[in-house]
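> for reference, the sequence and a predicted model appear below.
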Amino acid sequence: MIDEREIKPNIPVKIPSKDGCEANITDVPFPVPFPKGLVYAPPARGTWTIAHSPMLIPGCHEIYVCCPCCLHGVVLSADEIPDGGNSRFSMVTLTNENVLKGDLEEMMIEGVSEVLKGLPEMPRLVECFTSCVQHFLNIDLKVVYRALRERFPGTDFIDGYMIPTLARKLTPDMLGRRQLLRAASMKRAGKDETLREKRDRAVSLIVNYYPLDPDSELKELFEKEDYEVRDFASCKTYEDYLALADSECALVFVSASLPAAKDFQKQTGMDYLYLPYSYSFEELRREYQTLTDRFGLNMPDPEEYERRITARAREVSELYNGTPLVLDYTASPRILQMALFLLENGFQVKAVYTDAFSPEEEEVYNVLREKYPQLLIRSTQHFKMRLLPRDEGKKEKLIAVGQKAAYFTGTDHFVNMIENGAVLKGDSQPVQLYGYSGILHFLDLLEEAFLRKSDVKSVIEVKAFGCSGRIGGEA
């Protein structure tokens, strides 16, 4: 029998100092606040990965052609996706024998073919993922995909990549988002020249993981002018996905999707506008003016929206009455701007958890240093975070915005928000909070978090907040 002391050895744990993983904003550099080193990965798992994002494309089947050690994580991810996610996932194992024989192309062609022939129904789209080993050994993917397209002419193929050790210009997230649009752009590029010149009176929202809030003033503005809003995250059929390439213009809300927009433009000739999530009235005015100039829309009354937001923020901050807030970078790509908005509207923001500042937020960083020097910046990855107490939320009432902030503080009052996506009251699926209406909804979520407790553990242990195997209506 195993002695209990072997399972739980009585070893004293020394609590380390916070040096190197927590400091006032005036004492951390931009854009990397803390030195890189041994990394801790907290079990707050709501962010999306390359195993989840292809599920947003109706009819897409994922095939990972990788070594067993690389497959462990994605296999577990696929198995956890609800509503049949694992039925849209397959794998082909790369072995030492393949490496020694040098038959990487033949192995991938035959392995993927065998998988596809064994499926109950041929998928409309297949994204095949290769890993670092194949690229170290210079696999010829042109040969692979040419053969697969000849064998399966009714199926489209996307070349996916799981190559974190080879990331140079693009992060794995950026590369993954870019590849998700490749099938749509290739279909557009393959059309007759006359057809390629025709564009629908529509705009495409790319590449976001949550559909735009149906109450958004952005959607209302376009629909009033008879523009169709096509949303990557809410495609119902494969044809809806392909139609993303036929719009007049693409709209991008996240900087990680900019490589996708640039590649889309190169492949299809479609213009794009970068309109990042914002908690700044001044920036929102500029963004809506850009839309007005480009599409001839009637600009919303910014003063009315700003009055409503200011009044609502005052109401919620009075409810908080000095209750501290902690934020983390997974909640929004503009987390410093969110902190500044809250501080300027009477909230007490105690800390922001992040290991890197967005280059777009340097001006906000400087304002926070000058006006709110007491704001704490905390690491999420520093090895000390594994050992530091996570009981701050037990000692005092504290509201977290973001899963990692909730985990590290131990609070049970939090806003479950990933990349500006959240579930609104009365709904079951998260939506994308953009613009003035997005800020108003965010304030409602803050009020809800103050008034009600959450079962944080059961929420943050679920991978890819909002992901489903039946996204798009096709299993």
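Now that the structure is in, tell me what you want to look at. Numbering: from 1, shown residues only.
> count the neighbours of P324 for me.
19 (other Cβ atoms under 10 Å). Every residue, glycine included, has its C-beta placed from N, CA and C.
> so it makes contact with Q374?
No: using Cβ atoms under 8 Å, P324 is not in contact with Q374, being 11.4 Å away.
> what bits of this structure have low per-residue confidence?
1-8, 190-197, 470-475 (pLDDT under 70).
> please redo it, this time with the cut-off set to 80
1-13, 84, 167-168, 189-198, 469-475 (pLDDT under 80).
> per-domain residue ranges of it.
As recorded under automatic domain parsing, the domains making up the chain are 53-180, 190-274, 315-460.
> with distance to K36 added, can I get those domains in JSON lines?
Converted to JSON lines, those look like this (distance: least, Cβ to Cβ, whole Å):
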{"stretch": "domain 53-180", "distance to K36": "15"}
{"stretch": "domain 190-274", "distance to K36": "20"}
{"stretch": "domain 315-460", "distance to K36": "9"}
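> for G20, which of those domains is the nearest?
G20 lies closest to domain 315-460 among those, at 6.1 Å (Cβ to Cβ).
> ends of the closest one, what's the gap?
Terminal residues of domain 315-460 are spaced 29 Å apart (Cα to Cα, to the nearest Å).
> please compute how far it lies from its chain's middle.
16 Å (Cα atoms, centre = their mean, to the nearest Å).
> cool, and stretch 254-271?
In this view, stretch 254-271 has its centroid 17 Å away from the chain centroid, taken as Cα atoms, centre = their mean.
> give me the element G322 is part of.
Following DSSP states H and E, one finds G322 outside all helices and strands.
> residues in contact with it?
By Cβ atoms under 8 Å, 6 or more residues apart in numbering, the contact list for G322 reads Q348.
> please renumber the chain so that the first residue is 223 from this point on.
Right, with 223 as the first residue, what we last looked at is G544.
> what distance do you get for it to K647?
Distance, G544 to K647, using Cβ to Cβ, to the nearest Å: 25 Å.
> and for K323?
Applying Cβ to Cβ, the value for K323 to K647 is 58 Å.
> again with V589
As for V589, its distance to K647 is 32 Å (criterion: Cβ to Cβ).
> same check, this time on E585
E585 sits 34 Å away from K647, going by Cβ to Cβ.
> what about the strands in the stretch 373-522 of the chain?
According to DSSP state E, counting those that start in this stretch, the stretch 373-522 of the chain carries its strands in the segments 378-384, 422-428, 450-453, 469-474, 493-496.
> of those, which is nearest Q511?
Relative to Q511, the nearest member of the strands of the stretch 373-522 of the chain by Cβ to Cβ is strand 493-496, separated by 11.6 Å.
> can you list the buried residues in the closest one?
494, 496 (16 or more other Cβ atoms under 10 Å).
> paired strands for it, with orientation please.
Sheet pairing for strand 493-496, assigned by DSSP bridges, gives strand 469-474 (parallel).
> now do the strand it pairs with against strand 422-428, angle only.
With axes from the mean of the first three to the mean of the last three Cα atoms, to 10 degrees applied, the angle from strand 469-474 to strand 422-428 works out at 20 degrees.
> contacting residues around strand 469-474?
421-428, 449-450, 452, 466, 480, 482-483, 486-487, 492-497, 516-517.
> return the members of those residues classed as buried.
By 16+ other Cβ under 10 Å, the contacts of strand 469-474 give 424-428, 449, 452, 466, 480, 482-483, 486, 492, 494, 496-497, 517 as buried.
> how close does E328 sit to V365?
For E328, the distance to V365 - Cβ to Cβ - is 9 Å.
> and the closest residue to R452 other than its chain neighbours, what is it in contact with?
Spatial nearest neighbour of R452, excluding adjacent residues (Cβ to Cβ, 6 or more residues apart in numbering): S426 at 4.6 Å. Each residue near S426 by Cβ under 8 Å, 6+ apart is listed here: 452-454, 466-467, 469, 471-473, 492.
> fine by me, we can end here.
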